[in-house]
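Visitor: Okay, sequence plus prediction incoming.
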Amino acid sequence: MPKLTPKTLNLSDDERTQLQKLSDRHNTPQQIALRARIILMASDSQNHREIARSLDINRQMARLWRNRWLETDGKDLSILQRLQYQERVGAPVKFSMEQIIELFALACSSPEDYGRPISHWTSRTLADEIMKQGIIESISVRHVGRLLEEAEVKPHQTRYWLTPP
């Protein structure tokens, strides 16, 4: 079986100089400096195994950054931007900001206003009520709890005044 060689990586003199500066500078974050060294070694025709052994990393990391460098070639990015993790596209947002604000408003109101015979909202009762009102079609109790926790909304500590004291 023939040996697979990694894709050739050619650097311009300017790119090589900038990568060398990033690699040598003391205030460069360690991950960026490591990635710069990976690219420099890859441009010197070293394979993934040699790079991994020299830098005490795994081959997958050497392969990953060589491929990312090649993928960003020709794009309008600085050297530093090419060495940073790019935002990745994740799952689409399930709830709009308006829906989340409605959830928070509900959490800050009295459960009695909605015909609930309880003194304080729980994640479960909030999830039930917001779906009952049709604001959100479906939401898990855990997700309601996470949203409240992130926003530091604590319905169990809220006091509801029917009339001002």
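Guide: Arrived safely, thanks for sending.
Visitor: residue ranges with poor pLDDT in this protein?
Guide: Within the chain, the ranges that satisfy pLDDT under 70 run 1-4, 86-89, 156-165.
Visitor: again, only this time at 50
Guide: The model of the chain has pLDDT under 50 over residues 1, 161-163, 165.
Visitor: so where do the helices sit in it?
Guide: 13-24, 30-43, 48-55, 59-71, 79-83, 97-107, 123-132, 141-150 (DSSP state H).
Visitor: Looking at those, which is nearest to residue 90?
Guide: For residue 90, the closest of those is helix 141-150, at 15.4 Å, according to Cβ to Cβ. No exception for glycine: its C-beta is placed from N, CA and C like everyone else's.
Visitor: Can you tell me the closest non-neighbouring residue to residue 50?
Guide: Leaving aside its chain neighbours, residue 50 sits nearest to residue 41 (7.3 Å; criterion: Cβ to Cβ, 6 or more residues apart in numbering).
Visitor: The helices of the chain into CSV, with extra columns for mean neighbour count?
Guide: Rendered in CSV, the data for the helices of the chain read as follows (neighbours: other Cβ atoms under 10 Å):
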stretch, mean neighbour count
helix 13-24, 15
helix 30-43, 20
helix 48-55, 16
helix 59-71, 17
helix 79-83, 18
helix 97-107, 16
helix 123-132, 17
helix 141-150, 15
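Visitor: Save these as TSV, and put in distance to residue 115 too.
Guide: Listed next are these as TSV, based on distance: least, Cβ to Cβ, whole Å:
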stretch	distance to residue 115
helix 13-24	63
helix 30-43	55
helix 48-55	64
helix 59-71	56
helix 79-83	55
helix 97-107	13
helix 123-132	9
helix 141-150	19
